[in-house]
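Participant: Test case, fold it:
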Amino acid sequence: MHGNKAIKLLSGSSHPELTELIAHRLGVQISDVEAITMPNSETNILFRESVRDSDVYIVQTGHGDINDLVIELLFMIDACKHASALRITAVVPLYPYARQDRKNKGRAPITARLMADMLERAGCDHIVVLDLHAPQIQGFFNIPMDNLIAGPTVEYFIRNHYLQTAGQNVVVVSPDAGGAKRAAALADNLDIELALIHKERRVANEVSTMVLVGVVRNRTCILVDDMADTCGTLAKAAETLVEHGATSVMALVTHGVFSGNAQKVIENSKLDLVVCTNSVPLKPELAACPKIKQIDISATLAEAIRRLHNGEPVSYLKRNKPL
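Facilitator: Numbering: from 1, shown residues only. Purely as a prediction, here's the structure:
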């Protein structure tokens with residue numbers, strides 16, 4: 001338990017707005033730390049206050065200039081370790097390189113494991129992530145890792161925006177077999193039906209055919225996934241659902257990465273709405289898109305930090321949305 005020691009909340013460069021929301025909920029100030037890019041492109045971390053004997057939480061999500069942000073996080077952890085911090089926790093809502101969790105072809109690196117090794121080596125004592133793309137990545141760590149889930153926040157959103165109006169005429173849909181477990185858990189908790197889309201790829205990042213399992217005719221469909229990246233899968237899935245008689249289709253994802261021409265894909269798709277958490281920041285043009293909506297996940301992250309600091313169980317957050 002570290003409740004008798006001060007919480008020091010540090011913000012990386014990736015998502016200062018999220019850190020501010022977490023700080024507001026915790027009732028603490030963000031520590032005065034700055035990451036400076038030197039003229040030769042090296043990163044320099046400058047601490048303007050002490051972290052000695054403090055319980056330190058560094059918020060840095062895996063989005064944007066990913067390699068620079070990873071290095072920045074490692075340097076901040078190392079700086080805290082050499083400044084005698086009591087405990088260092090990295091709060092990384094979107095874990096970098098989570099999709100590179102195995103050797104899917106010859107001579108491929110297992111980069112998710114390398115990330116774990118680097119964080120540990122830098123001096124991290126604890127990791128907090130949100131909806132890890134591959135849960136088995138937890139096994140790459142020799143230090144505690146808490147994989148928070150956005151499920152309770154997502155369920156709250158669906159209950160208040162869809163079940164009250166559409167009633168039980170709503171079906172949860174997994175856009176691929178990999179997300180079936182997540183979608184099934186959501187459907188069970190909401191007591192609504194589940195459908196599944198099986199996709200076949202001939203080329204990486206390009207879906208060739210989709211097969212629907214389940215009934216969606218005359219129903220509101222909610223596509224559930226952990227991440228929206230290029231959005232090709234979601235767009236193709238929405239098209240498949242509409243072809244099978246769905247009245248409307250929305251997507252609900254944890255991490256809205258929206259890389260490449262994702263916005264154009266969404267705008268030209270059969271999707272009525274794409275809802276994501278604010279685990280990663282949205283570019284202004286994405287935030288202005290009427291088909292994209294963000295919901296706040298800072299309450300879950302802040303409550304996890306409070307519970308870790310006070311030595312309370314974090315498992316409570318797997319079933320409950322903080323107020």
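
Participant: use CA for all of it now, contacts and neighbours both
Facilitator: Fine.

Participant: Can you give me the buried ones in stretch 236-255?
Facilitator: For stretch 236-255, the neighbour count (16 or more other Cα atoms under 10 Å) marks 236-242, 246, 248-255 as buried.

Participant: If we only consider those residues, which is nearest to H82?
Facilitator: Lowest distance from H82 to the buried residues of stretch 236-255 (Cα to Cα) belongs to H255, with 32.8 Å.

Participant: circling back: from the buried residues of stretch 236-255, which land in strands?
Facilitator: Taking DSSP state E, the ones among the buried residues of stretch 236-255 that sit in strands are S248, V249, M250, A251, L252, V253, T254, H255.

Participant: ok, now how distant is the second one from L273?
Facilitator: Between V249 and L273 the distance, using Cα to Cα, to the nearest Å, works out to 7 Å.

Participant: again with the first one
Facilitator: Distance, S248 to L273, by Cα to Cα: 9 Å.

Participant: OK, contacts around the closest residue to A262 other than its chain neighbours?
Facilitator: Closest residue in space to A262, ignoring its immediate chain neighbours: T230 at 4.8 Å, by Cα to Cα, 6 or more residues apart in numbering. Shown in contact with T230 (Cα atoms under 8 Å, 6 or more residues apart in numbering): V257, F258, S259, G260, N261, A262, V265.

Participant: In contact with the residue lying closest to the first one once chain neighbours are set aside, which residues?
Facilitator: This points to V257. The shortest distance from V257 to any non-neighbouring residue, by Cα to Cα, 6+ apart, is to D229 (4.9 Å). Shown in contact with D229 (Cα under 8 Å, 6+ apart): G256, V257, F258, S259, A262.

Participant: So the second one is in contact with A228, correct?
Facilitator: Spelled out, that is V257. Yes: counting by Cα atoms under 8 Å, V257 does reach A228; the two are 5.7 Å apart.

Participant: and this structure, what are its domains?
Facilitator: Following automatic domain parsing, one gets these domains for the chain: 7-149+298-318, 151-295.

Participant: Now the ones you listed in a markdown table, please, with extra columns for mean pLDDT.
Facilitator: Output for these, formatted as a markdown table (pLDDT from 0 to 100):
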| stretch | mean pLDDT |
| --- | --- |
| domain 7-149+298-318 | 96 |
| domain 151-295 | 91 |
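
Participant: of the ones in strands among the buried residues of stretch 236-255, closest to R319?
Facilitator: T254 (16.1 Å).

Participant: you'd agree that closest one is up against D226?
Facilitator: Yes: applying Cα under 8 Å, one finds T254 in contact with D226, separated by 4.9 Å.

Participant: neighbours around the closest residue to P313 other than its chain neighbours, how many?
Facilitator: Spatial nearest neighbour of P313, excluding adjacent residues (Cα to Cα, 6+ apart): R307 at 6.5 Å. The number of residues packed near R307 is 18, by other Cα atoms under 10 Å.

Participant: Is R307 located within a strand, as I assumed?
Facilitator: No: secondary structure of R307 (DSSP: H, G, I helix; E, B strand; the rest coil): helix, not part of a strand.

Participant: Pull the distance from stretch 79-88 to the chain's centre.
Facilitator: 26 Å (Cα atoms, centre = their mean, to the nearest Å).

Participant: sorry, back to before: farthest pair within the ones in strands among the buried residues of stretch 236-255?
Facilitator: S248 and H255 (21.9 Å).

Participant: who's in contact with L9?
Facilitator: By Cα under 8 Å, 6+ apart, the neighbours of L9 are T19, A23, V28, Q29, I30, S31, V56, Y57, I58, V59.

Participant: 6 Å instead, please
Facilitator: Neighbour list for L9: I30, S31, Y57 [criterion: Cα atoms under 6 Å, 6 or more residues apart in numbering].

Participant: any idea which element it lies in?
Facilitator: Secondary structure assigned from DSSP states H and E places L9 in strand 7-11.

Participant: Run the chain-centre distance for that strand.
Facilitator: Taking mean C-alpha positions (Cα atoms, centre = their mean), strand 7-11 and its chain are 20 Å apart.
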